[in-house]
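Asker: take a look and give me a structure for this.
(2 chains)
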Amino acid sequence: MVVLPSPLYCVLSLIAAFLGLAGLYLSLGAEFLAVVQVVVYAGAIMVLFLFVVMLLDLRRDEHILLRLPAQKFFGAMAGMGIFSLLLKVIYSGSVLTGAKGNYSAERVSEIGNTQILGKILFTDYLFPFQAMGVLLFVGVIGAVVLARRRAG
Amino acid sequence: MAPLEHYLVVSALLFTIGVVGVVVRRNAIVVVMSIEIMLNAGNLAFVTFARFLNSMDGQLIVFFVMGVAAAEAAVGLAILILIYRNRESTDVDDLNLLKL
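Answerer: I've put the predicted structure just below:
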């Protein structure tokens, strides 16, 4: 996605990546999140990106990419550095140190992933849930106010 | 199901792609998309750890992150449209009003 010159192809490959992530969530037993990933991310958010890419005239991106010649090199170096650092942490052997919860895979598949999520969301996490609703509301109003054309 | 490390490597790879995208690309829309990739890398790590620790909290946090990402994308893209209207470009190198 990062190396494609056209933003449109970036959006399309990003949709493919999000669908793949939904598959990974399914394999991890998070069915609800997989569906939300497809509907919210690959659906709503990426359609928003697609609209903006098509709304703006962005065909001149090709030469913009190479304005700083050293940028590609240093970007690749920084990427490799971060990736090797993360790999080192992952394979250090002491990643999984947290306390085990009481929702084992058998129990989750017995009750149902979505049912458990809903029960926790509307009891323990009620305030964050409501706060997220307010945040989305403010975000919608902000987006409309920002993108509106000035009258006259 | 694959072992824990494989999921984490995919997550690290996604995060790295996002970082490189933010650093290398000059188109502001692509930069915002790279930020979305990094958020998703974090989400994948959350779900992975939730699954391997028999916990549900990771999945709930991913749910909240998705909501925040949706709000962020909406406002961010509105700001991008505003910038494009004022400057006729979304190149981050053109956004130098704060430069001395």
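Asker: continuing past the helix or strand of chain A with the lowest mean pLDDT, what's the next helix or strand?
Answerer: Least confident helix or strand of chain A, by mean pLDDT, DSSP states H and E, is helix A:61-64 with a mean of 53. Of the helices and strands lying after helix A:61-64 in sequence (DSSP states H and E), the nearest is helix A:69-90.
Asker: right, is that following helix up against chain B?
Answerer: Yes: if you take C-beta under 8 Å from any C-beta of the partner chain as the test, helix A:69-90 does meet chain B, through A:71-72, A:74-76, A:78-80, A:82-83, A:86-87, A:90. Every C-beta, even on glycine, is put in place using the N, C-alpha and C of the backbone.
Asker: using a markdown table, lay out those together with neighbour count.
Answerer: Compiled in a markdown table, those are given as follows (neighbours: other C-beta atoms under 10 Å in any protein chain shown):
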| residue | neighbour count |
| --- | --- |
| A:71 | 15 |
| A:72 | 15 |
| A:74 | 12 |
| A:75 | 19 |
| A:76 | 13 |
| A:78 | 16 |
| A:79 | 21 |
| A:80 | 12 |
| A:82 | 16 |
| A:83 | 18 |
| A:86 | 19 |
| A:87 | 16 |
| A:90 | 18 |
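Asker: how about the residues you listed in CSV, adding pLDDT?
Answerer: Listed next are the residues of helix A:69-90 next to chain B as CSV, based on pLDDT from 0 to 100:
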residue, pLDDT
A:71, 75
A:72, 76
A:74, 83
A:75, 82
A:76, 84
A:78, 87
A:79, 88
A:80, 90
A:82, 90
A:83, 90
A:86, 89
A:87, 88
A:90, 85
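Asker: residue A:133: which of the residues you listed is nearest?
Answerer: Set against residue A:133, the nearest of the residues of helix A:69-90 next to chain B by C-beta to C-beta is residue A:86 (33.8 Å).
Asker: once you drop chain neighbours, what's closest to that closest one?
Answerer: residue B:12 (3.7 Å; C-beta to C-beta, 6 or more residues apart in numbering or on different chains).
Asker: these two touch, right, that neighbour and residue A:83?
Answerer: Yes: in this structure residue B:12 lies within contact range of residue A:83 using C-beta atoms under 8 Å: 6.0 Å.
Asker: sorry, back to before: how is the residue nearest to residue A:86 assigned, secondary-structure-wise?
Answerer: The three-state assignment at residue B:12 reads helix, by DSSP: H, G, I helix; E, B strand; the rest coil.
Asker: how many neighbouring residues does it have?
Answerer: 22 (other C-beta atoms under 10 Å in any protein chain shown).
Asker: contacts only, for it.
Answerer: A:83, A:86-87, A:90, B:41 (C-beta atoms under 8 Å, 6 or more residues apart in numbering or on different chains).
Asker: tell me who's in contact with residue B:63.
Answerer: Per C-beta under 8 Å, 6+ apart, neighbours of residue B:63: A:33, A:36, A:117, A:121.
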